[in-house]
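S.K.: would you be able to build a 3D model of this:
(2 chains)
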Amino acid sequence: MRRFTAALFLLGLGVMIAAIYQHIDFSNTAVNAGQAINAVAAEETGAANFVTSVVLAYRGIDTLLELTILFTAAMIGGMVLGRRRVDAPRDPDAGFILRTGADLLFPLLLVVGLYIILHGHLTPGGGFQGGVILAAAFFLPLLARPGITLIDQRVVSLVEGLAGATFIIIGLLAMFDGKEFLTPLLDKGELGALISAGTLPILYLAVGIKVGSELAGLLAHLAEAEALD
Amino acid sequence: MEAVVLVVVIVMLLSAVAVLLFKDFLAALAAMSVVSLGLSFLFVVVRAPDVAMTEAAIGAGLSSLLFALALRRLGLWRGQ
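M.R.: As a prediction, the model looks like this:
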């Protein structure tokens, strides 16, 4: 059975590679796409950070798939790690420096993470980077004091699901408007203003919250896994 | 600028070797973050601040946290 599955997988992979090979014209690749986007991105999307305009507007579906990959990884991590027994032993508290450092860093990391997410369309960074910082903020206290519950896991899952749904709904709203999936909507505003670039900041906020809650949930799950006695 | 980059690259190489040589696992972990931070500096130099931020957040931040958690789980937290 296992050999059959492996053979089937290899066959599928081979067909996929062959199909890709058939469709890509290697002699004529789009190497100038970067310059073309540099020329038109500010006008078309209204985002001062061109990377964001590529990530969320020109290649929005790629970002959605990245989120799907992350979601799958976090889900499988949760499946593999399982639940802990009620009477399982816990790690002792960490040392003084880590405990105090975690207390001091927690609000600072929250602010930095949210700042990076909210300014994703203006300055370098965005949903992914800020989300990782948010996740680190919520994980540090767990590392310092094992056993405390900062947020209920169910709340984390709910927030994560809502953020993912927001991303897709904004994409679908564009389709209701008669445009393609994930086309930026709303007023573009003034280039470089905090409220500008239409729906891109909202999308990045959704990405940031989703990445943050997902990674925080996964890390909390890892920390919750039973300690050795 | 080239001199600064050269210094950063040498520091990165030295700390990469140090990761292998340190007996103390926590020190090795810190040296590993130094490699990641150096790399994110190099990304800034070549004008890729978005990538630099990702490298700093994930390479130096999150993976260090993950390794720290694994070290504690394995009972190697205190080092030698």
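S.K.: make it CA atoms for all contacts and neighbour counts henceforth
M.R.: Fine.
S.K.: and the helices in the chain?
M.R.: Reading this off chain A. A:2-23, A:33-45, A:50-52, A:60-81, A:96-118, A:127-144, A:153-176, A:200-224 (DSSP state H).
S.K.: actually it's chain B I care about, not the one you picked
M.R.: Under DSSP H, chain B gives helices at B:2-21, B:25-45, B:49-54, B:63-73.
S.K.: adding mean neighbour count, write these out as CSV.
M.R.: Below are the helices of chain B laid out as CSV (neighbours: other CA atoms under 10 Å in any protein chain shown):
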stretch, mean neighbour count
helix B:2-21, 15
helix B:25-45, 20
helix B:49-54, 21
helix B:63-73, 17
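S.K.: which one of those helices lies closest to chain A?
M.R.: Closest approach to chain A among these (CA to the nearest CA): helix B:49-54, 4.9 Å.
S.K.: the closest one near chain A at all?
M.R.: Yes: remark: helix B:49-54 sits within contact range of chain A at B:49-50, B:53-54, by CA under 8 Å from any CA of the partner chain.
S.K.: circling back to that earlier point, looking at the helices of chain A, which is nearest to chain B?
M.R.: helix A:127-144 (5.4 Å).
S.K.: same for the one helix or strand in chain A whose mean pLDDT sits lowest, what does it pack against?
M.R.: None of the helices or strands of chain A scores lower by mean pLDDT, DSSP states H and E than helix A:33-45, at a mean of 75. Contact here means 3 or more CA pairs under 8 Å, 6 or more residues apart in numbering or on different chains; DSSP states H and E; on that basis helix A:33-45 packs against helix A:50-52.
S.K.: could you give the average pLDDT over the helix it packs on?
M.R.: The average of the pLDDT scores along helix A:50-52 is 81.
S.K.: what sits up against it?
M.R.: Residues outside helix A:50-52 that contact it (CA atoms under 8 Å, 6 or more residues apart in numbering or on different chains) are A:38, A:41-42, A:120-121, A:124, A:126, B:50.
S.K.: ok, now stretch A:206-218?
M.R.: Stretch A:206-218 has contacts (CA under 8 Å, 6+ apart) with A:67, A:70-71, A:74, A:77-78, A:117, A:126-136, A:138-139, A:153, A:156-157, A:159-161, A:163-164, A:166-167.
S.K.: hmm, which of those are the buried ones?
M.R.: Neighbour counting by 16 or more other CA atoms under 10 Å in any protein chain shown classes A:67, A:70-71, A:74, A:77-78, A:117, A:126-136, A:138-139, A:153, A:156, A:159-161, A:163-164, A:166-167 among the contacts of stretch A:206-218 as buried.
S.K.: got the residues of chain A near chain B?
M.R.: Residues of chain A found near chain B (CA under 8 Å from any CA) are A:51, A:124-125, A:128-129, A:132-133, A:136, A:143, A:219, A:223, A:227-228.
S.K.: contact partners for the closest residue to residue A:133 other than its chain neighbours?
M.R.: Closest residue to residue A:133 apart from its sequence neighbours, by CA to CA, 6 or more residues apart in numbering or on different chains: residue A:113 at 5.2 Å. Residue A:113 makes contact with A:129-134, according to CA under 8 Å, 6+ apart.
S.K.: turn the helices of chain A into a markdown table, including distance to residue B:4.
M.R.: As requested, the helices of chain A are arranged in a markdown table below (distance: least, CA to CA, whole Å):
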| stretch | distance to residue B:4 |
| --- | --- |
| helix A:2-23 | 43 |
| helix A:33-45 | 29 |
| helix A:50-52 | 27 |
| helix A:60-81 | 35 |
| helix A:96-118 | 27 |
| helix A:127-144 | 26 |
| helix A:153-176 | 42 |
| helix A:200-224 | 34 |
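S.K.: can you tell me which of these the model trusts least?
M.R.: Among these, helix A:33-45 scores lowest, with a mean of 75.
S.K.: quick one, that helix and helix A:200-224 angle?
M.R.: With axes from the mean of the first three to the mean of the last three CA atoms, to 10 degrees defining the directions, helix A:33-45 sits at 110 degrees from helix A:200-224.
S.K.: before we move on, the earlier item: relative to residue A:193, which of the contacts of helix A:50-52 is nearest.
M.R.: residue A:121 (9.4 Å; CA to CA).
S.K.: the closest one reaches residue A:41, doesn't it?
M.R.: No: Residue A:121 sits out of contact with residue A:41 when judged by CA atoms under 8 Å, with a separation of 11.8 Å.
S.K.: shared neighbours, the two?
M.R.: Listed contacts common to residue A:121 and residue A:41 are A:47, A:50, A:53; contacts here mean CA under 8 Å, 6+ apart.
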